[in-house]
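J.: Only the shape, not the letters, is given here:
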(Lines give C-alpha, C1' and ligand atoms only; values in the text may rest on other atoms or scores of the structure.)
Protein backbone atom coordinates (compact mmCIF):
# COMPACT_ATOMS: atom_id res chain seq x y z
CA UNK A 1 0.00 0.00 0.00
CA UNK A 2 1.24 3.48 -0.81
CA UNK A 3 0.66 5.63 2.28
CA UNK A 4 0.95 8.83 0.28
CA UNK A 5 -2.19 7.91 -1.66
CA UNK A 6 -4.97 9.73 0.20
CA UNK A 7 -7.54 7.12 -0.83
CA UNK A 8 -5.61 4.18 0.65
CA UNK A 9 -6.93 2.90 3.99
CA UNK A 10 -4.30 0.97 5.95
CA UNK A 11 -5.63 -2.27 7.37
CA UNK A 12 -3.53 -4.79 9.26
CA UNK A 13 -0.29 -4.38 11.19
CA UNK A 14 1.90 -1.31 10.66
CA UNK A 15 5.32 -1.32 12.36
CA UNK A 16 6.23 2.28 13.24
CA UNK A 17 8.43 4.44 15.40
CA UNK A 18 6.04 7.06 16.75
CA UNK A 19 7.27 10.65 16.82
CA UNK A 20 4.23 12.67 17.86
CA UNK A 21 0.69 11.97 18.99
CA UNK A 22 -1.84 14.82 19.06
CA UNK A 23 -5.39 14.61 20.33
CA UNK A 24 -7.88 17.28 19.29
CA UNK A 25 -11.58 17.87 19.58
CA UNK A 26 -13.43 18.49 16.35
CA UNK A 27 -17.12 19.38 16.65
CA UNK A 28 -18.46 16.69 18.98
CA UNK A 29 -15.78 14.05 18.34
CA UNK A 30 -12.09 13.38 18.97
CA UNK A 31 -9.34 13.09 16.37
CA UNK A 32 -5.96 11.52 17.00
CA UNK A 33 -3.04 12.45 14.76
CA UNK A 34 -0.03 10.10 14.85
CA UNK A 35 3.19 11.13 13.12
CA UNK A 36 5.65 8.29 12.67
CA UNK A 37 8.53 6.75 10.77
CA UNK A 38 7.55 3.44 9.16
CA UNK A 39 10.05 0.65 9.83
CA UNK A 40 10.28 -0.12 6.09
CA UNK A 41 11.25 3.51 5.34
CA UNK A 42 12.78 5.08 8.50
CA UNK A 43 13.67 8.40 6.86
CA UNK A 44 10.19 9.19 5.55
CA UNK A 45 7.96 10.76 8.19
CA UNK A 46 4.28 9.92 7.65
CA UNK A 47 1.06 10.59 9.50
CA UNK A 48 -2.33 9.00 10.03
CA UNK A 49 -5.37 10.87 11.30
CA UNK A 50 -7.88 8.76 13.23
CA UNK A 51 -11.29 10.46 13.23
CA UNK A 52 -14.25 9.80 15.50
CA UNK A 53 -12.04 8.30 18.22
CA UNK A 54 -13.80 6.47 21.04
CA UNK A 55 -12.58 4.55 24.09
CA UNK A 56 -9.00 5.82 23.82
CA UNK A 57 -6.76 4.03 26.33
CA UNK A 58 -3.06 4.20 26.98
CA UNK A 59 -1.63 1.24 28.89
CA UNK A 60 1.83 1.49 30.39
CA UNK A 61 4.53 4.13 30.45
CA UNK A 62 3.91 7.06 28.05
CA UNK A 63 7.68 7.39 27.59
CA UNK A 64 7.56 4.16 25.56
CA UNK A 65 5.84 6.15 22.82
CA UNK A 66 9.19 6.94 21.17
CA UNK A 67 9.90 3.25 20.70
CA UNK A 68 8.78 0.82 18.04
CA UNK A 69 5.05 0.16 18.07
CA UNK A 70 3.14 -2.32 15.93
CA UNK A 71 -0.28 -0.79 15.30
CA UNK A 72 -2.97 -3.26 14.30
CA UNK A 73 -5.85 -1.66 12.38
CA UNK A 74 -8.83 -3.99 12.26
CA UNK A 75 -11.84 -3.46 10.00
CA UNK A 76 -14.98 -3.51 12.21
CA UNK A 77 -17.61 -2.68 9.56
CA UNK A 78 -19.16 -6.14 9.69
CA UNK A 79 -19.70 -5.83 13.46
CA UNK A 80 -22.50 -3.32 12.85
CA UNK A 81 -21.39 -0.85 15.54
CA UNK A 82 -22.83 2.56 14.81
CA UNK A 83 -20.12 5.05 13.87
CA UNK A 84 -17.28 2.55 14.35
CA UNK A 85 -15.33 1.28 11.35
CA UNK A 86 -11.94 0.43 12.85
CA UNK A 87 -10.33 -0.90 16.01
CA UNK A 88 -6.73 0.20 16.54
CA UNK A 89 -4.38 -1.32 19.09
CA UNK A 90 -0.74 -1.98 19.77
CA UNK A 91 -0.41 -5.53 18.47
CA UNK A 92 2.26 -6.68 20.92
CA UNK A 93 1.82 -4.87 24.22
CA UNK A 94 -1.57 -3.21 24.05
CA UNK A 95 0.20 0.10 24.80
CA UNK A 96 -2.63 1.98 23.11
CA UNK A 97 -6.11 0.97 21.97
CA UNK A 98 -9.18 2.77 20.60
CA UNK A 99 -12.03 2.62 18.11
CA UNK A 100 -12.56 5.16 15.32
CA UNK A 101 -14.79 5.98 12.37
CA UNK A 102 -12.07 6.85 9.82
CA UNK A 103 -8.35 6.34 9.18
CA UNK A 104 -6.98 9.02 6.89
CA UNK A 105 -3.38 9.21 5.60
CA UNK A 106 -2.12 12.79 6.00
CA UNK A 107 0.36 14.32 3.58
CA UNK A 108 3.30 16.13 5.18
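T.: Structure's in. What do you need? What you are looking at is a predicted structure, and each value in this text was computed from that prediction instead of being measured.
J.: where exactly do the strands run in this protein?
T.: Counting by DSSP state E, the chain has these strands, from start to end: 12-26, 29-38, 46-58, 68-75, 86-90, 96-100, 102-106.
J.: tell me what the longest one is packed against?
T.: For strand 12-26, the elements it packs on are strand 29-38, strand 46-58, strand 68-75, judged by 3 or more CB pairs under 8 Å, 6 or more residues apart in numbering; DSSP states H and E. The C-beta positions use only the backbone N, C-alpha and C, and glycine is treated the same way.
J.: Who are the contact partners of residue 22?
T.: Counting by CB atoms under 8 Å, 6 or more residues apart in numbering, residue 22 makes contact with 32-33.
J.: let's see 10 Å
T.: When contacts are counted by CB atoms under 10 Å, 6 or more residues apart in numbering, residue 22 touches 31-35, 47, 49.
J.: most neighbours, which of these?
T.: Neighbour counts for the contacts of residue 22 (other CB atoms under 10 Å) peak at residue 34, which has 22 neighbours.
J.: before we move on, back to that, could you dump the helices and strands packed on strand 12-26 to TSV with distance to residue 88 and mean pLDDT?
T.: Formatted as TSV, the helices and strands packed on strand 12-26 follow (distance: least, CB to CB, whole Å; pLDDT from 0 to 100):
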stretch	distance to residue 88	mean pLDDT
strand 29-38	9	86
strand 46-58	6	91
strand 68-75	5	82
